[in-house]
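Colleague: any chance you can model this:
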Amino acid sequence: GIHRLFNNLSLFQDSDVVIVCAGMDGALPSVVGGLVQAPVIAVPTSIGYGASFSGISALLTMLNSCSPGVTVVNIDNGFGAAVTAYKIINKIN
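Modeller: Residues are numbered from 1 along each chain as shown. Now for the predicted structure:
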């Protein structure tokens, strides 16, 4: 649940970039985006239960998010998210 996020919130708030992987309804990146100052890279996952449609549901939710500072990569593209985070961090430093 969301208590796991709140228990570790200081770790996220001190980060230059946050990568958030989420399946099912894909709402977690928007929540994190509202709690941190850093850019958030959202990764929809193909794993989920119910009507997740192999990640399509999470992807569409993330793309339609109104949370500023949230960027979305394709389904299960953790590598692409990591490369983007690396480039952002290198540009900052």
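Colleague: contacts only, for residue 66.
Modeller: residue 30 (Cβ atoms under 8 Å, 6 or more residues apart in numbering). (Each C-beta comes from the backbone N, C-alpha and C, glycine too.)
Colleague: helix or strand for it, which one?
Modeller: Counting by DSSP states H and E, no helix or strand carries residue 66.
Colleague: tell me the backbone dihedrals of residue 19, please.
Modeller: Dihedral pair for residue 19: phi -100, psi 130, per degrees, to the nearest 10.
Colleague: surely it is in contact with residue 83?
Modeller: No: between residue 19 and residue 83 there is no contact under Cβ atoms under 8 Å: 10.7 Å.
Colleague: what touches both of these two?
Modeller: Common neighbours of residue 19 and residue 83 (Cβ under 8 Å, 6+ apart) do not exist.
Colleague: more neighbours: the two, which one.
Modeller: residue 19 (18 against 13; other Cβ atoms under 10 Å).
Colleague: where does that one land on pLDDT?
Modeller: The per-residue pLDDT reported for residue 19 equals 98.
Colleague: show me what contacts it?
Modeller: 40, 41, 43, 78, 81, 82, 85.
Colleague: helices of this structure, start to end?
Modeller: For the chain, applying DSSP state H gives helices covering 3-7, 9-13, 28-35, 56-63, 78-92.
Colleague: and the angle from the fourth one to helix 28-35?
Modeller: Using axes from the mean of the first three to the mean of the last three Cα atoms, to 10 degrees, the interaxial angle of helix 56-63 with respect to helix 28-35 works out to 20 degrees.
Colleague: cool, thanks, talk later.
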